[in-house]
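Enquirer: sharing a model that was predicted from the sequence below.
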Amino acid sequence: MIPQTALKSVPATAVANLPDIYRRLSIAELSEALRKMHLIRRFEEGA
């Protein structure tokens, strides 16, 4: 779930249009998932 502090500057319509994954995961969880995806991509490109 996105912390309320992160949503203060975001219009309600923009939040409603976010993909579900952005509403379910915290910022830290999203960051970790993106980091893992980046590492996988780098590994695949190097193979």
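Expert: Arrived safely.
Enquirer: the residue nearest to the spatial centre of the chain and R42, how far apart?
Expert: The centroid of the chain falls nearest to L30 when counting by C-alpha atoms, centre = their mean (3.7 Å). According to C-beta to C-beta, to the nearest Å, L30 and R42 sit 19 Å apart. For every residue, glycine as well, the C-beta is placed using N, CA and C.
Enquirer: which element is the residue nearest to the centre of the chain on?
Expert: helix 27-46 (DSSP states H and E).
Enquirer: how about the CA coordinates for that helix, as CSV?
Expert: Presented in CSV, the C-alpha positions along helix 27-46 are these (Å, rounded to 0.1, in the frame of the first residue of the first chain):
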residue,chain,number,x,y,z
ILE,A,27,7.7,2.2,-2.2
ALA,A,28,10.5,0.0,-0.8
GLU,A,29,9.0,-3.2,-2.2
LEU,A,30,8.6,-1.5,-5.7
SER,A,31,12.2,-0.3,-5.5
GLU,A,32,13.4,-3.8,-4.6
ALA,A,33,11.4,-5.4,-7.5
LEU,A,34,12.8,-2.9,-10.0
ARG,A,35,16.3,-3.5,-8.7
LYS,A,36,15.9,-7.3,-9.2
MET,A,37,14.4,-6.8,-12.7
HIS,A,38,17.4,-4.6,-13.6
LEU,A,39,19.9,-7.3,-12.4
ILE,A,40,18.1,-10.0,-14.4
ARG,A,41,18.1,-7.8,-17.5
ARG,A,42,21.8,-7.1,-17.1
PHE,A,43,22.5,-10.8,-16.6
GLU,A,44,20.5,-11.8,-19.7
GLU,A,45,22.2,-9.2,-21.9
GLY,A,46,25.6,-10.4,-20.8
